[in-house]
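Trainee: generate a structure from the sequence data that follows.
(3 chains)
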Amino acid sequence: MSSGFASRLLAWFERHGRHGLPWQHPRTAYRVWVSEIMLQQTRVETVVPYFTAFVDRFPDPETLADAPLDEVLHLWSGLGYYARARNLHRAARVVVERYRGELPQEPAALEALPGIGRSTAAAILAQAHDRPMAILDGNVRRVLARHRAVDGWPGQSRVQATLWGIAESLVPGSRAADYTQAMMDLGALICTRSRPACSRCPVAGDCQARLQDRVAELPAARPGRAVPTRTRWAALVRSPAGILLERRAPSGIWGGLYSLPEADEREQLVDRMTACWAGVCEQDGPPARIAHTFSHYRLDLWIVSFRLPSVPCGIMEGQAAIWYKPAFSHAVGLPAPIARFLRDQGTPHDGTNG
DNA sequence: GAGTCGTGGCG
DNA sequence: TCGCCAAGACT
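Mentor: Okay, the predicted model is just below:
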């Protein structure tokens, strides 16, 4: 029992909450929607510049629906989880065709749109329309697991169901928009993962984790497991004309973006490069190594940079391959590790063909 | 239910 | 350097 939970939280929010986030001014359903999608598994500071550019170019569902997917992906590139961009684009077309450009206000209709799950639907309805609906994101999970001393890893469905129940029971009948933002602000600013600022917490008085001195151990960590390492060799083929890349499949990792040739083709590519490698090794130095950690595995990517010989070689024959030019890259976007590599190395700007 | 999907920050 | 994980949803 925690009577007055929402009242204390809202009072704290007035003075200490975040009130200047871009999607709060103006707080339309469309802008809240875009922000919620971008914020999935992504920090606020990272999202802000992407959000601003995105809604500047696509100010409403119609504009977004009319735009080619390539342009949407371009504004998303570097943000990660590109399925979000594809789903957002698809959903915008549904909203225009089926709902006359207005986001539906029924939870079920909202959840039926691609990319919108239970929590995101609730967040949109609460923030844009003040509907008293509970959300359960990473912040809320942490706040509730501590305040009610909920044991178990929140990723477990049983624990998740418990947390949803608590979340539902605490939502106030009014001021749902402020309450929702307040919960996330509390989790982000006070009830942080490490070293939470309990002395400044408005609901510390009846926080069970605090009363039991278990703040540091809640919420329970996910069960550990081994992280496999995948090592790959990749070739970054440079020439005065540009860099050889190919477009990836529309789904899967880096879907719809441009990157190095895949799998079998890449193996052949490396083989064919071997002959050239010795001659340019001294000039270009050792291969650049990019170690990248994904959610569940570690990818060691070795990138070999060298210049094409003047005579055409087989790697230019691939149907899927395209010649990369700087201007084109900005129109589509590159995977961050590769984009960073190109930025550090400097991209050729003297390309004329392709 | 368990994997997958990006990137960046932090201890 | 390394493991964890953050405004989750989808397969």
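Trainee: name the SS class of A:Pro114, please.
Mentor: Classification of A:Pro114 using DSSP: H, G, I helix; E, B strand; the rest coil returns coil.
Trainee: number of residues surrounding the residue lying closest to it once chain neighbours are set aside?
Mentor: Nearest residue to A:Pro114, sequence neighbours excluded (Cβ to Cβ, 6 or more residues apart in numbering): A:Asn87, at 3.9 Å. Bear in mind the C-beta positions are built from the backbone N, C-alpha and C, glycine included. Neighbour count of A:Asn87, defined by other Cβ atoms under 10 Å: 16.
Trainee: what do you get for A:Leu103?
Mentor: 22.
Trainee: which SS state does it fall under?
Mentor: coil.
Trainee: lowest average confidence, helix or strand, in chain A?
Mentor: One helix or strand of chain A scores below all others by mean pLDDT, DSSP states H and E: helix A:263-284, with a mean of 38.
Trainee: what helices or strands is the helix or strand harbouring A:Asp56 leaning on?
Mentor: For A:Asp56, the host element (DSSP states H and E) is helix A:44-57. If you count contacts as 3 or more Cβ pairs under 8 Å, 6 or more residues apart in numbering; DSSP states H and E, helix A:44-57 packs onto helix A:29-39, helix A:69-76.
Trainee: so which of the ones you listed is nearest A:Val150?
Mentor: helix A:29-39 (23.6 Å; Cβ to Cβ).
Trainee: by contact count, what packs against the closest one?
Mentor: helix A:44-57, helix A:83-99, helix A:118-129.
Trainee: and if we set it to 7 Å?
Mentor: Counting contacts by 3 or more Cβ pairs under 7 Å, 6 or more residues apart in numbering; DSSP states H and E, helix A:29-39 is packed against helix A:44-57, helix A:118-129.
Trainee: what does the stretch 1-150 of chain A have sitting close to DNA strand B?
Mentor: Within the stretch 1-150 of chain A, the positions near DNA strand B by Cβ under 7 Å from any atom of the strand are A:Gln41, A:Thr42, A:Arg43, A:Glu45, A:Thr46, A:Ser77, A:Gly78, A:Leu79, A:Gly80, A:Tyr81, A:Tyr82, A:Ala83.
Trainee: quick one: neighbours of the second one, just the number.
Mentor: What that stands for is A:Thr42. 15.
Trainee: next up, phi/psi of the closest residue to A:Glu97 other than its chain neighbours, please.
Mentor: Leaving aside its chain neighbours, A:Glu97 sits nearest to A:Ala65 (7.9 Å; criterion: Cβ to Cβ, 6+ apart). Backbone torsions of A:Ala65, given as degrees, to the nearest 10, read phi -60, psi -30.
Trainee: ok, now which ones touch A:Ala167?
Mentor: A:Ala134, A:Leu136, A:Val140, A:Leu144 (Cβ atoms under 7 Å, 6 or more residues apart in numbering).
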